[in-house]
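Undergrad: coords please:
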Amino acid sequence: MTPEEFRVAGHQLIDWIADSRATVHEKPVLAQVVPGEIRSRFESEAPGDVVSFDALLAELDNSVVPGVTQVQSPMHFGWFPSNASLSSVLGDIASSGIASLGISWESSPALTEVEEVVCDWMRQLTGLSDAWQGAIHDTASTGCLVAMLVARERATELAQNTGGLQGLSQPLMVYTSPQAHSSVAKAALLAGFGWDNIRMVDVDPDTFAMNAESLAKLMEADAAAGKVPACVVAAVGTTGTTAMDPVAAIVDAAAKHRAFVHVDAAMAGTAMLLPECRHLWEGVERSDSISWNPHKWMGTILDCSLLYMRDIDLLQRIMATNPAYLQSPTGDEATQYRDWGIPLGRRFRSLKLLFQLRLDGIEAIQARIRRDLANAKWFEEKVRAADGWEVVAPVDLQTVCVRYYPDGMSEGAELDEFTQGWARAINASGKAFLTASTLPDGWMVRVSIGVEATERQHLEDLWTLMQAAVAS
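TA: As a prediction, the model looks like this:
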C-alpha cells in the first residue's frame with residue numbers, strides 16, 4: 001500500500017469508526033453468537049488474492065462486528081468501564097503511524113521522553129508526590145508481576161544474582177485479600193512464591209476490605225515460624241465490589257517486617273483524579289509501588305496501564321539488560337525503559353494519553369467521573385427503595401452490587417440460581433450487559449457504571465429491565 005492509497009483508505013476507516021460509535025447504541029451489547037460462529041465466516045485456507053478496501057470494510061461489518069461485545073455501549077454495565085475515548089484513538093493511530101521502535105533511548109528519544117513527561121503529568125493529576133516515577137505497561141497484571149519480582153528480590157537481597165529461590169532456606173510469603181483481582185495470585189505464582197506461600201487475609205464482613213489486624217497477626221505468626229513476609233498487595237477498588245483496603249494500616253503492618261507493599265488500583269485509580277476521592281487510598285505515599293489503568297474508567301484506549309515505583313534504582317538492578325547491541329553512549333543521562341519492566345520493546349503508548357489530555361482536557365474527564373459517581377448513588381437509592389431488592393456492598397465508587405429476594409426464597413442454591421438466571425436473561429436479550437459475581441453469602445449482580453456514553457436515562461432503562469427480569 002502506497003502513502004496515497006493509505007490516505008484514501010484511512011479516510012474511509014475513520015468514517016467507519018465514527019459511524020460505528022454514533023450507532024453503537026443500536027447494536028446488541030452482548031455478542032449474539034455461539035462459539036465457532038465467527039471463525040466459520042472465514043475461509044479455512046489462507047487467502048491468496050487481495051480485495052478492495054470497500055470489500056474489507058464489508059467483511060468487518062458482516063463477519064467481525066457481530067462477534068463484538070459492545071463495551072462502548074451506554075448499556076454496558078459489566079466487568080469495569082473499558083472506555084476508548086476517540087481522542088485517545090487518534091493518539092493510538094498516531095502511535096501506529098509513527099511506528100517507533102522502543103528498545104532504547106536511541107531507538108526513539110521522543111518515545112522515551114514523552115512517556116516520562118506524561119507519566120509525571122499523571123502523577124501530579126492523582127496527587128502523588130515527586131518521590132514516584134512511572135512507566136506505561138500493557139495491563140495492571142503485568143504491573144503486579146513486576147512489583148512481585150521487585151518484592152522478591154528486595155526480601156532476598158537480590159538472590160537472582162546467586163542461587164535464586166532454590167538457594168533460599170526460608171520461604172517467602174505473599175499476603176492479599178480473597179477479594180483482590182485474580183492476577184495477584186497469578187503474579188505470585190509466576191514470580192515463584194508458590195500456592196503454599198500465598199496468604200488470603202480475612203476481610204471485613206461488611207465492607208469486604210482487608211482486615212489489617214488479621215494481616216498483622218498472619219505476618220507475625222509466619223515470621224515466628226521462620227518464614228519471611230515479603231510482599232503485601234492492597235486492593236484499592238476490589239474487582240467484585242470496589243472495596244477499599246486500608247492502605248495506611250496495611251503499610252504499618254508491613255513495615256514491621258520490611259515487607260514490600262504494592263497498591264493495585266487498576267480501576268479505582270481514575271477516581272484519584274478527583275481530589276475529593278483521594279482519602280480512599282490514604283497512606284499510599286508510604287507504599288512501594290502503585291498500578292492503575294487509564295484504559296479503564298478514565299477512557300484511554302487499551303492498552304495503557306501505569307506502574308509507579310519509589311525505588312527505581314532497585315527496579316533497574318533487577319530488570320536491567322545491556323547486551324552489546326543495545327549499549328548506549330548516553331550512560332545514566334537517558335532513561336532506558338527496557339530496564340523498568342519485562343519486555344524489551346514497547347509501543348509509543350504515551351501518545352494515547354497525550355492526545356486525550358490535550359484534546360479532551362482534564363476538567364472534562366473529571367466532570368465525567370463525577371457524573372458516574374452521582375449516577376451510582378442515584379441507582380443505589382433506587383435499589384434500596386424497592387421492595388425485595390438489596391444493595392449488598394458499600395458503594396464506594398461507581399459499582400453497585402445488588403440482589404433480589406423473591407417472596408419465600410432465602411439464601412442458598414435456589415437464590416444463587418435465580419440471581420444468575422435473571423442476569424443471564426438480560427445479557428441474552430442484547431439490551432444491556434451485567435456481570436454476576438460472588439460474595440461469601442452467595443451470588444449477586446454487579447452494576448458497573450462508567451461507560452463514556454452512559455447517562456442517567458440509560459440507568460433508568462437498566463432499572464426497568466432488571467425489574468422486568470426478576471418479575472418474569
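Undergrad: can you map out the strands along this protein?
TA: 133-137, 172-176, 198-200, 228-235, 260-264, 289-292, 305-309, 389-391, 399-404, 435-439, 442-448 (DSSP state E).
Undergrad: angle of the longest one against strand 260-264?
TA: Read that as strand 228-235. 20 degrees (axes from the mean of the first three to the mean of the last three Cα atoms, to 10 degrees).
Undergrad: again with the second one
TA: Here strand 172-176 points in a direction 30 degrees away from that of strand 260-264 (the same axes, to 10 degrees).
Undergrad: So which elements touch the helix ranked longest in the chain?
TA: Scanning the chain for the longest helix, with DSSP state H as the assignment, gives helix 362-385. Identification of packing neighbours for helix 362-385 by 3 or more Cβ pairs under 8 Å, 6 or more residues apart in numbering; DSSP states H and E yields strand 389-391, strand 399-404, helix 456-471. Backbone N, C-alpha and C define where each C-beta goes, glycine included.
Undergrad: So which bits of the first one are buried?
TA: It refers to strand 389-391. 389, 391 (16 or more other Cβ atoms under 10 Å).
Undergrad: What of the longest one?
TA: Within helix 456-471, the residues that qualify as buried by neighbour count (16+ other Cβ under 10 Å) are 458-459, 462-463, 465-466, 469-470.
Undergrad: before we move on, back to that, let's have the strands of the chain in a markdown table, adding distance to Asp54.
TA: Shown next, in a markdown table, are these (distance: least, Cβ to Cβ, whole Å):
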| stretch | distance to Asp54 |
| --- | --- |
| strand 133-137 | 36 |
| strand 172-176 | 51 |
| strand 198-200 | 54 |
| strand 228-235 | 48 |
| strand 260-264 | 45 |
| strand 289-292 | 41 |
| strand 305-309 | 36 |
| strand 389-391 | 50 |
| strand 399-404 | 42 |
| strand 435-439 | 37 |
| strand 442-448 | 38 |
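Undergrad: nearest to Val284, of the buried residues of helix 456-471?
TA: Leu459 (30.7 Å; Cβ to Cβ).
Undergrad: Who are the contact partners of the closest one?
TA: 375, 378-379, 449 (Cβ atoms under 8 Å, 6 or more residues apart in numbering).
Undergrad: ChimeraX command for the buried members of those residues?
TA: Listed next is the ChimeraX selection for buried residues among the contacts of Leu459, using 16+ other Cβ under 10 Å:
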select :375,379,449
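Undergrad: Closest one of the contacts of Leu459 to His137?
TA: Ile449 (26.1 Å).
Undergrad: which residues of this protein fall in helices?
TA: Under DSSP H, the chain gives helices at 3-22, 37-40, 53-59, 86-98, 109-125, 140-155, 182-190, 212-224, 247-255, 312-319, 350-359, 362-385, 413-429, 456-471.
Undergrad: and the shortest one, average pLDDT?
TA: Average pLDDT, helix 37-40: 96.
Undergrad: could you say what helices and strands that helix packs with?
TA: For helix 37-40, the contact count by 3+ Cβ pairs under 8 Å, 6+ apart identifies no helix or strand as a packing neighbour.
Undergrad: Now do that helix: distance to the chain's middle.
TA: 29 Å (Cα atoms, centre = their mean, to the nearest Å).
Undergrad: Let me see the contact set for the most centrally placed residue in the chain.
TA: Nearest to the mean C-alpha position of the chain, by Cα atoms, centre = their mean, lies Ala266 at 4.0 Å. Ala266 makes contact with 80, 140, 181, 237, 291-293, 296, 305, according to Cβ under 8 Å, 6+ apart.
Undergrad: among these, who's most crowded?
TA: Among the contacts of Ala266, Trp292 has the most neighbours (other Cβ atoms under 10 Å), with 30 neighbours.
Undergrad: Can you tell me, leaving aside adjacent residues, what's nearest to that one?
TA: Excluding its sequence neighbours, the residue lying closest to Trp292 (Cβ to Cβ, 6 or more residues apart in numbering) is Gly269, at 2.3 Å.
Undergrad: give me the number of residues near Leu434?
TA: Leu434 has 25 nearby residues by other Cβ under 10 Å.
Undergrad: what's the neighbour count on the nearest residue to Ala212 once chain neighbours are set aside?
TA: Of all residues not flanking Ala212 in the chain, Ala249 sits nearest, at 3.5 Å (Cβ to Cβ, 6+ apart). Ala249: 19 surrounding residues under other Cβ under 10 Å.
Undergrad: pLDDT score for the closest residue to Ser291 other than its chain neighbours?
TA: Spatial nearest neighbour of Ser291, excluding adjacent residues (Cβ to Cβ, 6+ apart): Gly143 at 3.5 Å. The model reports Gly143 with a pLDDT of 96.
Undergrad: OK, contacts around Gly143?
TA: By Cβ under 8 Å, 6+ apart, the residues touching Gly143 are 137, 264, 289, 291, 305-307.
Undergrad: Could you give the number of residues near the residue nearest to Trp292?
TA: Using other Cβ under 10 Å: Gly269 sits among 27 other residues.
Undergrad: okay, now Ala324: neighbour count?
TA: Ala324: 5 neighbours (other Cβ under 10 Å).
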